[in-house]
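Chemist: predicted model and sequence follow; I will ask about them next.
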Amino acid sequence: MAPLDTGSVSPSLRLVDPFGGSVGPSPEIFDQLGLYLRAVREHRGWTIQDLANATRIRRLYLEAIEEGDMSALPSRPFALGYVRGYARTLGLDGELAVARFKLEHPEIAEPLRAPTGVKHQIERRRPVVAIIAGVVVSAVVAWNLVQHVLAPAHPVANNAAVGEAPLQTPLPPTANGAFTLAAPTAPPAESTTPPPYITPGLEAVIAPMTAAATAEAQGVDTLPLGAPFEARGAIFGAGPGVPALMIQARKSALLVIRHPDKQIYFARQMKAGETMRVPIGRNLSIDVNEPDAFYTYVNNGLSGALPAPQIPVDRIASDALAAIQASSQSMGPSVAPTPYSHPIGGTAVDSKAAPTGGDEHSPLD
């Protein structure tokens with residue numbers, strides 16, 4: 001039985017509606033793919049710019065596809081991709097569009113070229129760089145030649161003029177053939193760093209700044225025990241009527257005061273000289289990283305640095321009062337024990353008495 005002859009089948013790019021009816025222009029009446037694509041685009045009411053925005057393809061390339069201008073298109077792989085994207089955006093079969101484009105524009109062996117619009121610019125700076133390099137090299141060579149020509153034929157070293165020790169002539173060998181070493185020469189004088197330049201008239205302004213920077217780096221000067229309290233900066237914490245422990249920062253450091261339940265009562269990055277007045281009798285505790293960065297004052301006298309990173313406030317005050325009472329007893333029976341008094345203008349109270357009155361503090365400064 002002879003095979004069924006179906007005849008030649010030509011692919012169609014015609015638009016098809018959902019019910020199978022053909023819509024839009026027929027591709028058979030166009031002899032070029034580009035003209036058919038333009039007709040379909042106009043049938044849909046799209047401008048060339050609308051299509052460029054939808055496909056993200058340059059308008060120049062879309063116009064070249066419609067006009068069949070291969071010279072305005074980039075290399076063949078790019079052109080085929082643009083044709084496929086053009087057809088799919090219009091609702092056509094992209095592969096059939098590419099197949100017809102290949103029939104109309106057969107492949108010709110040619111090297112790949114850059115997309116149209118890219119210009120190869122010759123680097124114009126290279127000659128300038130070469131000229132500058134040549135001038136520099138010539139100047140260096142000329143300088144060396146001049147130095148050799150102007151230099152004396154036999155330079156005489158004058159060690160005394162430059163402050164160097166004169167060269168010592170080696171001693172002749174002894175009778176047994178051994179050499180005697182001369183005395184060693186003195187080492188050269190060490191260079192010293194000159195003092196920094198200070199603009200005349202600014203000495204009074206720079207001196208306090210330098211002193212403040214030195215105090216910040218090295219901390220407040222070491223003070224003897226019992227030294228009276230001296231305000232060196234801002235004072236925070238309890239009011240004048242509340243017995244308090246004075247904590248003064250010797251250098252910049254973090255100070256945290258906590259309640260018995262570990263809640264923060266006060267927290268601040270203290271600067272050198274700033275003071276916190278912590279009320280006594282409230283079971284507060286101190287939490288720091290550098291105990292040596294803080295001085296404690298009790299009864300308006302220095303009791304020393306913080307003994308530990310974490311320590312109760314009442315313990316510091318009681319230990320200081322005990323030390324004061326022991327010192328008073330050692331001085332003789334005629335001297336009465338010194339009660340605790342507020343460091344700044346406070347009323348003297350018993351160390352075991354509970355504090356009275358409110359306090360003014362900054363919970364989180």
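Modeler: Looks like it arrived, so ask away. The model shown is predicted, which means the values in this text are computed figures rather than measured ones.
Chemist: any weak-confidence spans in the protein?
Modeler: Residue ranges of the chain with pLDDT under 70: 1-23, 109-125, 148-180, 182, 187-194, 203, 205-221, 328, 330-365.
Chemist: what about the strands in it?
Modeler: Ranges of strands in the chain, per DSSP state E, are 15-16, 22-23, 235-237, 244-249, 253-258, 264-270, 275-279, 285-288, 294-298, 301-305, 310-312.
Chemist: quick one: closest of these to Thr55.
Modeler: Among these, strand 15-16 comes nearest to Thr55, with 17.3 Å by C-beta to C-beta. All C-beta atoms are positioned from the backbone trio N, CA, C, and that covers glycine.
Chemist: show me where the stretch 1-150 of the chain has helices.
Modeler: Using DSSP state H, counting those that start in this stretch, the helices of the stretch 1-150 of the chain run over residues 33-43, 48-55, 59-67, 76-89, 94-104, 125-150.
Chemist: now what about the fifth one, what contacts it?
Modeler: Residues outside helix 94-104 that contact it (C-beta atoms under 8 Å, 6 or more residues apart in numbering): 11-13, 32-33, 37, 68, 79-80, 83-88.
Chemist: got the domain ranges for this structure?
Modeler: 15-104, 219-365 (automatic domain parsing).
Chemist: quick one: closest of those domains to Val137.
Modeler: Using C-beta to C-beta and comparing those, the one that lies nearest Val137 is domain 15-104, at 44.2 Å.
Chemist: circling back: biggest separation within the contacts of helix 94-104, which pair?
Modeler: Ser12 and Ala79 (22.4 Å).
Chemist: out of these two, which sits in the busier spot?
Modeler: Neighbour totals were compared for Ser12 and Ala79, and Ala79 leads with 20 against 14 (other C-beta atoms under 10 Å).
Chemist: and that one, how close does it get to Ile57?
Modeler: Using C-beta to C-beta, to the nearest Å, Ala79 is found at 11 Å from Ile57.
Chemist: could you dump the strands of the chain to JSON lines with mean neighbour count and distance to Ala322?
Modeler: JSON lines is the format used below for the strands of the chain (neighbours: other C-beta atoms under 10 Å; distance: least, C-beta to C-beta, whole Å):
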{"stretch": "strand 15-16", "mean neighbour count": "16", "distance to Ala322": "103"}
{"stretch": "strand 22-23", "mean neighbour count": "11", "distance to Ala322": "105"}
{"stretch": "strand 235-237", "mean neighbour count": "19", "distance to Ala322": "23"}
{"stretch": "strand 244-249", "mean neighbour count": "26", "distance to Ala322": "14"}
{"stretch": "strand 253-258", "mean neighbour count": "20", "distance to Ala322": "22"}
{"stretch": "strand 264-270", "mean neighbour count": "18", "distance to Ala322": "25"}
{"stretch": "strand 275-279", "mean neighbour count": "25", "distance to Ala322": "18"}
{"stretch": "strand 285-288", "mean neighbour count": "20", "distance to Ala322": "18"}
{"stretch": "strand 294-298", "mean neighbour count": "23", "distance to Ala322": "10"}
{"stretch": "strand 301-305", "mean neighbour count": "18", "distance to Ala322": "11"}
{"stretch": "strand 310-312", "mean neighbour count": "15", "distance to Ala322": "15"}
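Chemist: want to throw these into JSON lines with distance to Arg41?
Modeler: Formatted as JSON lines, the strands of the chain follow (distance: least, C-beta to C-beta, whole Å):
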{"stretch": "strand 15-16", "distance to Arg41": "11"}
{"stretch": "strand 22-23", "distance to Arg41": "14"}
{"stretch": "strand 235-237", "distance to Arg41": "77"}
{"stretch": "strand 244-249", "distance to Arg41": "79"}
{"stretch": "strand 253-258", "distance to Arg41": "72"}
{"stretch": "strand 264-270", "distance to Arg41": "70"}
{"stretch": "strand 275-279", "distance to Arg41": "80"}
{"stretch": "strand 285-288", "distance to Arg41": "76"}
{"stretch": "strand 294-298", "distance to Arg41": "82"}
{"stretch": "strand 301-305", "distance to Arg41": "87"}
{"stretch": "strand 310-312", "distance to Arg41": "80"}
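Chemist: ok, which of those comes nearest Pro224?
Modeler: strand 301-305 (7.3 Å).
Chemist: tell me what the closest one is packed against?
Modeler: The contact analysis (3 or more C-beta pairs under 8 Å, 6 or more residues apart in numbering; DSSP states H and E) places strand 301-305 against strand 294-298, helix 313-330.
Chemist: the last one - contacts with which helices or strands?
Modeler: Right, the one you point to is helix 313-330. strand 244-249, strand 285-288, strand 294-298, strand 301-305.
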